[in-house]
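Novice: here's a sequence, model it:
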Amino acid sequence: MEMLLRVALIGIGATLCMDGWALLLKRRWGIASFDYALVGRWLLWMGKGRFIHHSVINTPSLAGEKQTGWMLHYVIGIGFSFVPLLFSGTTWLHHPDLSVAILSGLVTVAAPWFIMQPALGFGVAASRTANPSKARLFSLLAHLAYGGGLYFSAMVVMVLPV
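Specialist: Modelled structure (predicted):
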């Protein structure tokens with residue numbers, strides 16, 4: 001149980017770092033981040049039997065999609081925090097390694113590129129967006145921030161008396 005709590009705290013911390021990166025981009029350079037309400041819309045429409053959208057932007061919105069999207073964002077962030085354990089086992093929780101954390105961040109970018117973006121109607125690796133290269137770069141940078149957040153959060157959680 002202690003391990004699950006530590007991994008969950010690391011995932012929350014890493015996701016907060018990813019969101020901090022997005023906030024910095026928005027405030028410093030005016031670059032808007034991904035709208036997690038669209039993820040909420042996607043998830044809520046699954047309950048109605050629709051899993052893939054031509055463009056989720058044009059799909060009618062549903063009540064609670066913003067909250068649902070943010071909740072799913074953090075649930076996924078917690079889930080992805082198990083990735084370093086796949087590379088290094090549970091010793092990573094007590095001896096975090098930056099290279100493992102960054103590699104984990106890089107690996108997790110496969111989820112938006114090959115699952116989320118196609119399901120939302122944006123194509124594989126954002127190929128159907130107005131600027132696919134830019135979208136890919138920002139996905140990659142966000143997941144690198146998440147990887148850095150994994151390391152930072154693991155360092156903090158490592159000293160907590162959980």
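Novice: the residue nearest the centre of the chain and residue 58, how far apart?
Specialist: The centroid of the chain falls nearest to residue 77 when counting by Cα atoms, centre = their mean (5.2 Å). In this structure, residue 77 and residue 58 are 27 Å apart, going by Cβ to Cβ, to the nearest Å. In this view, the C-beta of every residue, glycine as well, is placed from N, C-alpha and C.
Novice: what does residue 66 give?
Specialist: 17 Å.
Novice: swap in residue 47?
Specialist: Applying Cβ to Cβ, the value for residue 47 to residue 58 is 19 Å.
Novice: pick out whichever of residue 66 and residue 58 has more residues nearby.
Specialist: Neighbour tally, residue 66 and residue 58, criterion other Cβ atoms under 10 Å: the higher count belongs to residue 66, 16 against 8.
Novice: residue 31 reaches residue 138, doesn't it?
Specialist: Yes. Between residue 31 and residue 138 there is a contact at 7.4 Å, judged by Cβ atoms under 8 Å.
Novice: who touches both of the two?
Specialist: When contacts are counted by Cβ atoms under 8 Å, 6 or more residues apart in numbering, residue 31 and residue 138 have residue 25 as shared neighbours.
Novice: and those two? Which one has more around it.
Specialist: More crowded of residue 31 and residue 138, by other Cβ under 10 Å: residue 138, with 19 against 12.
Novice: so what's that one up against?
Specialist: So residue 138 contacts 25, 31 (Cβ under 8 Å, 6+ apart).
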